[in-house]
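1. From the sequence below, what's the structure:
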Amino acid sequence: MSSLALRLGLLLMLLPPSLAEAETTPLNVPILMHGSIGDDACPEKGRVIKIGAEPKSVLSVQSGPGEAPFREIGRLHDGDIVVVCEKLGLWLGVVYGSASLGCQTTILVPVEQAYTGPCNHGWVLAQNVSVSKDQN
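-> The predicted model follows:
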């Protein structure tokens, strides 16, 4: 959790003073792809599970790992497939979309860097995603 607090503090320091003080301004915390020789940048896949009792329940995708001041930027449904790039406390940084093969998450990155690929991405609660190395 201290890693999250450190990253949030750094983000606030980089904002202009008027934005850093505004409580309603949503922050965006980038999803990091961890550099490693011989491994995919985002090697784990997940399937959205246990969203709620209602048939039309959705999993909110947030602009950062937490609730306020982060905002909803997308929605996932039970059974949707995601690529997991980062774990931060109770949250997962995920990449998702209909063309997940073209999301550029299986590339090798020599150093840790933010995901900038073409697919949707954001933060979801880990309790709603079943994660494995070879999820179909």
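2. Can you get me a residue count around Leu92?
-> By the criterion of other CB atoms under 10 Å, Leu92 has 25 neighbours. Any C-beta I mention is one placed from the backbone N, CA and C, and that applies to glycine too.
3. my guess is it contacts Val129, does it?
-> Yes. Under the criterion of CB atoms under 8 Å, Leu92 is in contact with Val129, at a separation of 5.8 Å.
4. what touches both of those two?
-> Contact criterion CB atoms under 8 Å, 6 or more residues apart in numbering; residues shared by Leu92 and Val129: 46, 82, 84.
5. how about the nearest residue to the second one, chain neighbours excluded?
-> Of all residues beyond its chain neighbours, the one nearest Val82 is Val94 (4.0 Å), with distances taken as CB to CB, 6 or more residues apart in numbering.
6. Distance of that neighbour relative to Leu59?
-> 10 Å (CB to CB, to the nearest Å).
7. that older thread, can you read off the backbone torsions of the residue nearest to Val82?
-> Backbone torsions of Val94, given as degrees, to the nearest 10, read phi -120, psi 160.
8. and what of Thr106?
-> Here Thr106 shows phi and psi, under degrees, to the nearest 10, equal to phi -100, psi 10.
9. got a list of what the closest residue to it other than its chain neighbours touches?
-> Nearest in space to Thr106, with sequence neighbours left out and distances taken as CB to CB, 6+ apart, is Asp40 at 4.6 Å. Neighbouring residues of Asp40 by CB under 8 Å, 6+ apart: 105-108.
10. rerun that using 10 Å as the cut-off
-> The contact partners of Asp40, by CB atoms under 10 Å, 6 or more residues apart in numbering, come to 33-34, 83, 85, 105-109, 133.
11. residue closest to the middle of the chain?
-> Gly93 (2.1 Å; CA atoms, centre = their mean).
12. where does it fall, helix, sheet strand or coil?
-> Secondary structure for Gly93, judged by DSSP: H, G, I helix; E, B strand; the rest coil, is strand.
13. Lowest mean pLDDT among the helices and strands, pick that one out for this structure.
-> Across the helices and strands of the chain, mean confidence by mean pLDDT, DSSP states H and E is lowest for helix 17-21: a mean of 35.
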